[in-house]
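Q: I'd like to go over a predicted model; first the sequence, then the structure.
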Amino acid sequence: MGMRVLRLLIALLSLGGLVVSVLALRVHLQDPGAAPPCAVSEHWDCGAVNHSRFAVFPPRGFDEDLNSKGHLPVAVAGIAGYAAIVLLALFKMDFLAFEVSQIGFFLALILTFLEKYVLEKWCIYCVWSQCILAVLLGLSALNLWMGRRRTAREGLHLRAI
């Protein structure tokens, strides 16, 4: 698999993550009383997760209103991150694509921890996003490694001449 194919795969997977983040934002912006499209069981409830105090950054205080200002929805950060990875992959900025993937993965890991141990509820969009970011991190690391290996090989070739 060539680096061009890997970059294209990274960009396409990031577009998928972008769609997932837009769907999560849609649930976040819904009226909390409205039934979200993925309230499947007591443990799988996107509405509860996306309206929790952890669905925004910085997290809301316990006494803050749901509509309080000064908080960025986490889904908006996901949209920005996925869009950045798409652009970085397409413009062959492999190291930056790897770094943004790494940051996104670890932020999503923190949110996954909060879903599991604090909220005790899961959001299908968040789980999909975590999976996408795990694959993106692996692919971007592979892409970076292949690029550095290629550069080292070309350097050895030039020295031999």
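A: Okay, I see it. Numbers count the residues shown, from 1 in each chain.

Q: any low-confidence regions in this protein?
A: Counting by pLDDT under 70, the chain shows low-confidence ranges at 1, 35-37, 65-68, 155-161.

Q: what about the helices in it?
A: With helices called from DSSP state H, the chain shows them at 3-29, 46-50, 74-90, 94-113, 124-160.

Q: residues in contact with L9?
A: Contacts for L9 (CB atoms under 8 Å, 6 or more residues apart in numbering) come out as L139. Heads up, the C-betas are built off the backbone N, CA and C, glycines and all.

Q: which one of the helices of the chain is the most hemmed in?
A: With neighbours taken as mean count of other CB atoms under 10 Å, these reach their highest mean count in helix 46-50, at a mean of 24.

Q: What is it packed up against?
A: Applying 3 or more CB pairs under 8 Å, 6 or more residues apart in numbering; DSSP states H and E, we find helix 46-50 packed against helix 3-29, helix 124-160.

Q: And the nearest residue to V86 once chain neighbours are set aside, how far from A24?
A: Nearest residue to V86, sequence neighbours excluded (CB to CB, 6 or more residues apart in numbering): S14, at 4.5 Å. Counting by CB to CB, to the nearest Å, the separation of S14 from A24 is 15 Å.

Q: Next, the contact list for D63, please.
A: Contacts of D63 by CB under 8 Å, 6+ apart: none found.

Q: I should have written A34 there, sorry.
A: A34 makes contacts with G47, as judged by CB under 8 Å, 6+ apart.

Q: hmm, 6 Å instead?
A: Neighbouring residues of A34 by CB atoms under 6 Å, 6 or more residues apart in numbering: there are none.

Q: Check the gap between it and V27 for me.
A: Counting by CB to CB - A34 and V27 are separated by 9 Å.

Q: And for L133?
A: Distance from L133 to V27, by CB to CB: 19 Å.

Q: Could you do N143 as well?
A: 32 Å.
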